[in-house]
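Novice: here's a sequence, model it:
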Amino acid sequence: MSRTPPSLDESALKSALTHPRGPFRRADVVGETGSTNADLAAGAAAEPGAWPDLSVLIANSQVAGKGRLDRVWEVPAGAAMISSVLVRPTDASAHPGVPAFDPAGHTWLSVLAGIALCQAVAAESDAEPVLKWPNDVLLNGRKLAGILAQLVVPSRDAARGTGRILADDAGRPGPAVVVGMGVNISQQRVELPVDRATSLELETGVPVDRNVLLPAYLTRFARLYNEFVAVGGDALRPLGGGESAHALASGLMSTLGTDVRTELPGGRMLFGTAVRLGRTGDLELRDAGGVMHAVSAGDVVHLRRAGHAGGVDYA
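Specialist: Okay, the predicted model is just below:
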């Protein structure tokens, strides 16, 4: 079994993440939750005004976490880095003077989270994780982290009196997006649910303090997010660091250049070479006949390397 990991330091995390030191407008830290995504989405739907752009919920333990397609994600208490961020990219009061946000930009928010995590892990350790389309982070060929983004539409009752938060012409609050990240930190091999998963401590051999890695990841995500909103959610426009979201993701995307088999709804299979990311974050494949196919994350049940039935699950 793994050693007891350092406890989350609620006071230090809030100080590092929120104004004036950090970019977040609200940061909550809890000992245990069913799901940070579900809790944050429910809170934002019921009380939009209480959860402004760049709010974050952090948990020490998650007992009913979900991934894509309602896949279960549970970990021992303290063994993972669990956080969900709520963003409101179309909120003019939070982003004055920026171009209107392109709806296609919503599909890139989870990608930005993956980029931020790769950058943070590389900065805080000797590890060099990569992205796995559409929503995972790999380290040495195994799954280190999963990302789940979901749309939040305020409830009808919550709309009363909150028109300034993402309001439409009728005064109803518009949607927000919750971007959840779960990172395996200190699990040992016997504590991982599948062979293709891993933890940061397993791969580096060095204990990891979540109180250090969490701010490193979250502040990078907030910076990328703000820069992305500033260019209107256009994945092809350069961000503050000079590269576009598309270029940053493509440079980290291990899926590109590999032969993959894609399982689509209804059991239909598509084989091809992953050539590039599309402007909306789709994966563009070239089949054996040279025909290009664009596959969206929402259409994929599984995506794996071709010829490796037991290999890494790419979706």
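Novice: in the stretch 51-200 of the chain, which spans are strands?
Specialist: 55-62, 65-66, 72-73, 80-87, 130-132, 136-139, 142-152, 176-184 (DSSP state E, counting those that start in this stretch).
Novice: pLDDT averaged over the second one - what is it?
Specialist: Averaged over strand 65-66, pLDDT sits at 51.
Novice: let the chain start at 423 from now.
Specialist: Fine by me, first position is 423 from now on; the one you just mentioned is strand 487-488.
Novice: re earlier: so which of the strands of the stretch 473-622 of the chain is nearest residue 533?
Specialist: strand 552-554 (7.4 Å; Cβ to Cβ). Yep, even glycine has a C-beta here, placed from its N, CA and C like the rest.
Novice: and the contacts of the closest one?
Specialist: 533, 536-537, 540, 559-561, 565, 671, 674-677, 734, 736 (Cβ atoms under 8 Å, 6 or more residues apart in numbering).
Novice: and the helices in the stretch 573-722 of the chain?
Specialist: 622-626, 632-652, 667-674 (DSSP state H, counting those that start in this stretch).
Novice: so how far is the second one from its chain's centroid?
Specialist: Its chain's C-alpha centre and that of helix 632-652 lie 11 Å apart, by Cα atoms, centre = their mean, to the nearest Å.
Novice: if you count neighbours, what's buried in that helix?
Specialist: 632-633, 635-651 (16 or more other Cβ atoms under 10 Å).
Novice: any regions of the stretch 473-622 of the chain where pLDDT drops low?
Specialist: 486-497, 577-596 (pLDDT under 70).
Novice: residue 568 and residue 644, how far apart?
Specialist: 20 Å (Cβ to Cβ, to the nearest Å).
Novice: residue 723 too?
Specialist: Taking Cβ to Cβ, one finds residue 723 at 32 Å from residue 644.
Novice: skipping adjacent residues, who's closest to residue 524 in space?
Specialist: Sequence neighbours aside, residue 655 is the residue nearest to residue 524 in space, at 4.1 Å (criterion: Cβ to Cβ, 6 or more residues apart in numbering).
Novice: quick check: domain ranges of the chain?
Specialist: As assigned by automatic domain parsing, the chain contains the domains 432-673, 677-727.
Novice: deepest-packed of these, please.
Specialist: The highest average neighbour count among the domains of the chain, using mean count of other Cβ atoms under 10 Å, belongs to domain 432-673 at a mean of 19.
Novice: would you mind measuring the gap between the ends of that one?
Specialist: By Cα to Cα, to the nearest Å, the extent of domain 432-673 from end to end equals 34 Å.
Novice: for stretch 521-540, same thing?
Specialist: 28 Å.
Novice: what of stretch 653-661?
Specialist: Terminal-residue distance, stretch 653-661 (Cα to Cα): 7 Å.
Novice: what about it, average pLDDT?
Specialist: Here the average pLDDT along stretch 653-661 is 97.
Novice: contact partners for residue 432?
Specialist: residue 451.
Novice: chain center to stretch 699-716, what's the gap?
Specialist: With Cα atoms, centre = their mean, you get 23 Å for stretch 699-716.
Novice: what's the answer for stretch 553-562, then?
Specialist: 11 Å.
Novice: do the same with stretch 654-664
Specialist: With Cα atoms, centre = their mean, you get 18 Å for stretch 654-664.
Novice: with stretch 446-464 instead?
Specialist: 15 Å.
Novice: my read: residue 684 touches residue 722, true?
Specialist: Yes - assessed by Cβ atoms under 8 Å, residue 684 is found in contact with residue 722 at 6.0 Å.
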